[in-house]
Each structure stands twice: as C-alpha cells, then as structure tokens.
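*Asks:* the sequence isn't on hand, but the structure is:
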C-alpha cells in the first residue's frame, strides 16, 4: 500500500536523503473525495490570514481555516491561530489517519487554493510546538497542483510531484529539518484545491 515518493516527477524513483515520506495517490475514493471537498468548501470558516514576510504583514495568497482541539493554538509567521472546533467530517478523517499511521493528531490546517494564482511559498513546518520530528499528513482534494520539495543545503536534491484528488502525502522523521516545500503558482487553468495538513501541536513547546 505504501509507495515511495519519486525524486522528481519525470525521473527515476529514488529516495530523498534524510526524508521520510509516504505517498498514497488514491487514499480516498473519488466519490468520498468529491463529497469531502464539497462539504469543506461550503462549511469551513474560510478567511484570509495575515502573514509576515520580510518584516511586513501581507494577505496570504489563499484562504485558510485552522481546526483543532481547544489547546492546539498555532503560532505561524508572527500570528497566533486559535482553532475552530472539529467538524464531523474532519474528525472522521483524523480518526482514520490516526489508526492507519499510528500517530495522534490534534489539529488540521485547511488551505483553499481558489485558482492558479493562489500558492504557498518555500517553507518548512518547523515551528517549536510541532516538535523536532513532526508527522505532517497532507490530503489533497480538487484540482491537481504541483508540490515541490528542496533540500535546505543541497538544492540539487529536489522532488516534484503532482498531487491528485484524494491523495495522501505523509512527511515525517527529519523531513522538515532537511527540506523545504512549496506549492507554486501556475498559469494553466486549474480547478479549486483544498489541502488538509493534519499535525500534532504540543502546547508545552509553544513560545
């Protein structure tokens, strides 16, 4: 069931040194993925988050919603995100992930990319409250977008993969310490995409 992530979208399959990745392209059936996308798009409390870039605050180029347990407050790019309560659908997805991956999750960041102009810049999920070796379980719904990974010290070590509707990508181990990732803009027409990144927030580690 587990498929290794290829080193590049067009190259031979190979592991990225220092990364622990699991990729399942059809983790959700198309029917379940369709239903989840429609429900989340219509019911989540989507908003534009303000983020700090080079010392100034700007609107993030996407819509977001932070969902989780009451104490799963997340500090990102100079702002504190207070979680909204779990919806039934997201709680069900969390339960399945916990059972299959054997790791707990107390929060999920939902991002809605409305078209190809919405994007995510290069970053690592390495905030203190995530711990030193976080497990990030990423589910893609809707339009297919290109996901990039790049080694922090050796940019020749890269990965590019198009994440399909209903897919699951898990980043664990030393992945966040060794690599950055991004979802670049695209000029081609693309349907709206929802990305769900489940994670564990440790309140004791929050600054």
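*Replies:* Nice, I can see it. From a predicted model like this one, the values you see are computed outputs, not experimental measurements.
*Asks:* quick one: the helices in this structure, in order.
*Replies:* Counting by DSSP state H, residue ranges of the helices within the chain are 30-43, 88-101, 175-178.
*Asks:* touching, residue 187 and residue 119? I think so.
*Replies:* No. Assessed by C-beta atoms under 8 Å, residue 187 is found out of contact with residue 119, at 11.7 Å. (Each C-beta comes from the backbone N, C-alpha and C, glycine too.)
*Asks:* neighbour-wise, which of the two wins?
*Replies:* residue 119 (15 against 7; other C-beta atoms under 10 Å).
*Asks:* ramachandran angles for the more buried one?
*Replies:* In terms of degrees, to the nearest 10, the main-chain angles of residue 119 are phi -160, psi 180.
*Asks:* pLDDT-wise, which helix or strand of this structure ranks last?
*Replies:* strand 50-53 (a mean of 68; mean pLDDT, DSSP states H and E).
*Asks:* do a quick rundown of the strands in the chain.
*Replies:* 20-24, 50-53, 56-59, 63-68, 74-76, 79-81, 107-113, 120-123, 136-142, 145-151, 158-163, 167-172, 179-183, 193-199 (DSSP state E).
*Asks:* mean pLDDT lowest for which of those strands?
*Replies:* Lowest mean pLDDT within these: strand 50-53, a mean of 68.
*Asks:* so for the closest residue to residue 174 other than its chain neighbours, what's the pLDDT?
*Replies:* Take residue 174 and drop its neighbours on the chain: the residue closest to it by C-beta to C-beta, 6 or more residues apart in numbering is residue 18, 4.9 Å away. The model reports residue 18 with a pLDDT of 88.
*Asks:* who's in contact with residue 18?
*Replies:* Neighbouring residues of residue 18 by C-beta atoms under 8 Å, 6 or more residues apart in numbering: 151, 173-175, 177-179.
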